[in-house]
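In: Structure for this input, please:
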Amino acid sequence: MTQSAGHLIVRQLEAHGVRRVYSVPGESFLDVLDGLHDSPVSTVVCRQEGGAGFMALAEGRKTGTPGIAMVTRGPGAANAMIAVHTAWQDATPMVLFVGLIPVADRGRDSFQEFSLEGWFSTTAKRVVVLDDEHRAAETVAEAMHLAVSGRPGPVVIGLPEDVLVRPTSAGAVSPRAPATAVPPPAATEELAGRLAAAARPLIIAGGDGWGDDGARLAQWAAEAQIPVAADWRAYDVVPHSSSAWAGWLGYGRADTLAARLDEADLLVFIGCGRSDVLSDGYTKGFNAPTVLVLPDPDAATHSGRIDQQLAVPPSSFVDALPDAADVRGSRGSGWMDALAEDQRRYATPRPDNSPGVDLGVAFGVLEDRLPADKVVTYGAGNATIWGHRYLTHHGAGSLIGPRNGAMGLAVPAAVAAALIEPGRQVVAVCGDGDFLMNAQELAVAAAHGAAPLVIVVDNGIYGTIVQHQRKHYPARPSGTSMVNPDFTDWIRSFGGHGERVETAAEFAPALERALSSGRLALLHLVTDPETMPPGTANAPEELAGLAYARLAADDSGSSLASAGEGTR
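Out: As a prediction, the model looks like this:
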């Protein structure tokens, strides 16, 4: 059967089981849009290419199948760059299709012409331009395979508009499954020996694609009496109900857990590396013997010591875990229990005693009221720290946030999550600055009947930057204040439910009304600009939470004075 290259691209996406493409339409790829007309693949029409890219990133993170975004040349590609960079740094599978000018127009500085490779080559696993219509299916299949292989990430495909309409007799090709590496038995035995000999081992898990492997890892770790911490914004890897759960590292982390990186006598990284965020700017956790389990032989995200490396994905590693009794050795439960207790204390909601909406109270109410299987999405900024600290997760795929710190992800990620799993409660947590970067994508939720809940923390400033200004340029605020609209009017204009909340007492009933409305909903939380995230001032209750301090000193003679360092 003869068909156009554009239609063949759609057939190939169907062969890979793609359910949705997120797109801002452009005349440069009209033939692909025409192919989608009769396709079971849904076309989610977005309002800005950055939002479309973030939705595709959320799809890739939740499903494991590369999320698909389609944008047009020049300005459209520029807008999509933020999502590609996020997928690159976060190691999330994604394929971005970019419509291009006709081949004959190249090199003439024609309308919206740009260099696809020049723009994306440093932030994508591969950049390819489809110049041969007969290779349309093959090119898409290669991109889908590469996006999930090794260290996952984004692949960019350029689509010249004249090539898309050319006929081809080629058909869709069979998808190629990624190669699955397994740990050699000798490597597993070596690891078992290291774990058995360690008095204070610590596992740090992160990355995407865990499925139920995180729950299996947590159960094994509890039996082996090894605490498990999570990388920045990968808190959903391990169920927080596990007795091995030790909390998360990165911005806003507990001082107590950060101290453990220097107290541990063995660090095992699974699915993530020792990055600057995780290690407080390359200052913590560099002395202990280190095992790295990462499907990237180059260990691109890891800095410092590696004593053993297993270049396998988390799933293969968890399948090959040695018997828990064999690695427990003579180690008691004191180390694991103390870290778990530190985390329970740190994650117990407490009032901030701040004017406006007390976020310590509000997020405690959220944790009590939301279902255990909730999906939480985040943008970037100080407003997210209360959610990170006080909201629990009990399964992989229940958190979507930019590990590269990109603003504007919370809303489009929540919209995509609500489309992917319409039966689950999805909550977007964002600051006022973050919200308005992609608030327009709520139109997509309204169009599809999706009903995420959006929490907007409004302090009228870019809070994270203000925090840095107060430290480095005290009493000289500059370029960080904002004037905001009434966000409740915004959400109501889409037919949603919106309420402005100005005190902690108003929050619980407003939340109840929002959840029971059954509609797209937004709560506009007005807070004091002086309110900084919990822990930034070394709150006494956190420094008192050193449950392991005495035991650590007894075992090693070391002190935990470093636990008093401020939270970033």
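
In: what about the helices in the stretch 401-550 of the chain?
Out: For the stretch 401-550 of the chain, helices defined by DSSP state H, counting those that start in this stretch occupy the ranges 410-420, 432-438, 442-448, 463-472, 487-493, 504-516, 540-543, 549-556.

In: now, of those, which is deepest in the fold?
Out: Most buried of these, by mean neighbour count (mean count of other Cβ atoms under 10 Å): helix 410-420, with a mean of 30. Every C-beta, even on glycine, is put in place using the N, C-alpha and C of the backbone.

In: re earlier: format the helices of the stretch 401-550 of the chain as CSV; extra columns: distance to S174.
Out: CSV is the format used below for those (distance: least, Cβ to Cβ, whole Å):
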stretch, distance to S174
helix 410-420, 25
helix 432-438, 37
helix 442-448, 31
helix 463-472, 47
helix 487-493, 45
helix 504-516, 45
helix 540-543, 54
helix 549-556, 55
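
In: Now those helices in TSV, please, with extra columns for mean pLDDT.
Out: TSV is the format used below for the helices of the stretch 401-550 of the chain (pLDDT from 0 to 100):
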stretch	mean pLDDT
helix 410-420	98
helix 432-438	92
helix 442-448	96
helix 463-472	80
helix 487-493	93
helix 504-516	97
helix 540-543	33
helix 549-556	34
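
In: To L292, which of those helices lies closest?
Out: helix 549-556 (24.0 Å; Cβ to Cβ).

In: Any idea which of the helices of the stretch 401-550 of the chain gets closest to A137?
Out: Per Cβ to Cβ, nearest to A137 of those: helix 410-420, 25.4 Å.

In: Just list what the helix or strand hosting G214 packs against, helices and strands only.
Out: Per DSSP states H and E, G214 falls inside helix 213-224. Packing contacts for helix 213-224, counted by 3 or more Cβ pairs under 8 Å, 6 or more residues apart in numbering; DSSP states H and E, involve strand 201-205, strand 228-230, helix 314-319, helix 324-328.

In: Show me how far it is from its chain's centre.
Out: In terms of Cα atoms, centre = their mean, to the nearest Å, the centre of helix 213-224 is found 22 Å from the chain centre.

In: Run the angle between that helix and strand 201-205 for me.
Out: 170 degrees (axes from the mean of the first three to the mean of the last three Cα atoms, to 10 degrees).

In: So D90 is in contact with I400, correct?
Out: No. Contact status for D90 versus I400: not in contact, 9.8 Å apart, counting by Cβ atoms under 8 Å.

In: and for the two, which residues touch both?
Out: Both D90 and I400 are in contact with 57, 61, where contact means Cβ atoms under 8 Å, 6 or more residues apart in numbering.

In: what sits opposite V98 in the beta ladder?
Out: V71, G158 (DSSP bridges).

In: any idea how far the residue nearest to R305 when sequence neighbours are not counted is from L267?
Out: Spatially, and ignoring its direct neighbours in sequence, R305 is nearest to T290 (4.7 Å; Cβ to Cβ, 6 or more residues apart in numbering). From T290 across to L267, the span is 5 Å (Cβ to Cβ, to the nearest Å).

In: Which of the two has more residues huddled nearby?
Out: A count of neighbours by other Cβ atoms under 10 Å puts L267 above the other of T290 and L267, at 26 against 23.

In: Any chance of the backbone angles for that one?
Out: Main-chain dihedrals, L267, degrees, to the nearest 10: phi -110, psi 130.

In: Check the one 10 residues further on too.
Out: Comment: the main-chain dihedrals of V277 come out as phi -70, psi -50, following degrees, to the nearest 10.

In: how deep is it tucked in, by neighbour count?
Out: 18.

In: Check it and give its pLDDT.
Out: Looking at V277, its pLDDT reads 93.

In: Next: L261.
Out: Reading off the model, L261 has pLDDT 94.

In: Just confirm it is within a helix.
Out: Yes. Remark: L261 belongs to a helix, assigned using DSSP: H, G, I helix; E, B strand; the rest coil.

In: neighbours of it, just the number please.
Out: 24.

In: tell me the contacts of it?
Out: Taking Cβ under 8 Å, 6+ apart as the criterion, L261 is in contact with 202, 249, 267, 279, 284-285, 288.

In: if we can go back for a sec, check the helices and strands packed on helix 213-224 for me and report the most buried one.
Out: Mean neighbour counts for the helices and strands packed on helix 213-224 (mean count of other Cβ under 10 Å) peak at strand 228-230, with a mean of 29.

In: for it, packing partners?
Out: Strand 228-230 sits against strand 201-205, helix 213-224, strand 245-248, with contacts defined as 3+ Cβ pairs under 8 Å, 6+ apart.

In: 10 Å - rerun?
Out: Using 3 or more Cβ pairs under 10 Å, 6 or more residues apart in numbering; DSSP states H and E, the elements in contact with strand 228-230 are strand 201-205, helix 213-224, strand 245-248, helix 255-263, strand 266-270, helix 334-346.

In: now for the ones you listed, which one comes closest to D34?
Out: Ranked by Cβ to Cβ, the member of the helices and strands packed on strand 228-230 that lies closest to D34 is helix 213-224, at 40.6 Å.

In: Buried residues in the closest one, which are they?
Out: 213-222, 224 (16 or more other Cβ atoms under 10 Å).

In: just the strands in the stretch 351-500 of the chain please.
Out: For the stretch 351-500 of the chain, strands defined by DSSP state E, counting those that start in this stretch occupy the ranges 375-378, 399-400, 426-431, 453-458, 497-501.

In: neighbouring strands for the third one, and are they parallel or not?
Out: Here the strand partners of strand 426-431, with direction, are listed using DSSP bridges: strand 375-378 (parallel), strand 453-458 (parallel).

In: send the alpha carbons of the last one over as PDB?
Out: Output for strand 453-458, consisting of C-alpha atoms alone and laid out as PDB, is shown next (Å, rounded to 0.1, in the frame of the first residue of the first chain):
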ATOM      1  CA  LEU A 453      -6.700  20.300  41.500                       C
ATOM      2  CA  VAL A 454      -4.300  23.200  41.200                       C
ATOM      3  CA  ILE A 455      -2.800  24.700  44.400                       C
ATOM      4  CA  VAL A 456      -1.300  28.100  43.700                       C
ATOM      5  CA  VAL A 457       0.800  29.500  46.500                       C
ATOM      6  CA  ASP A 458       0.700  33.300  46.000                       C
END
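
In: Distance from the chain centre to that strand, please.
Out: That offset, for strand 453-458, works out to 18 Å (Cα atoms, centre = their mean).

In: what residue is smack in the middle of this structure?
Out: By Cα atoms, centre = their mean, the chain has its centre lying nearest to G401, at 3.5 Å.

In: Once you drop chain neighbours, what's closest to that one?
Out: Y378 (3.6 Å).

In: Do I have it right that the one you found meets H388?
Out: Yes. Under the criterion of Cβ atoms under 10 Å, Y378 makes contact with H388 at 7.6 Å.

In: Overlap of the contact sets of these two?
Out: 233, 399, 401, 429 (Cβ atoms under 10 Å, 6 or more residues apart in numbering).

In: Tell me the one among those nearest to H448.
Out: Of all the shared contacts of Y378 and H388, the one sitting nearest H448 is V429; the distance, using Cβ to Cβ, is 21.3 Å.

In: can you list the weak-confidence ranges in the chain?
Out: Applying pLDDT under 70 to the chain flags the ranges 460-461, 535-568.

In: Okay, and the beta partners of P201?
Out: L266.

In: my guess is it meets R194, correct?
Out: Yes. Using Cβ under 10 Å, P201 is in contact with R194, at 8.0 Å.

In: Now the common contact residues for these two.
Out: 265-266, 268, 289, 291, 327.

In: In TSV: these, plus distance to A187.
Out: Shown next, in TSV, are the shared contacts of P201 and R194 (distance: Cβ to Cβ, whole Å):
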residue	distance to A187
D265	20
L266	15
V268	13
P289	15
V291	10
V327	14
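
In: and which of the residues you listed is nearest to A58?
Out: For the shared contacts of P201 and R194, the nearest to A58 is V268 (28.6 Å; Cβ to Cβ).
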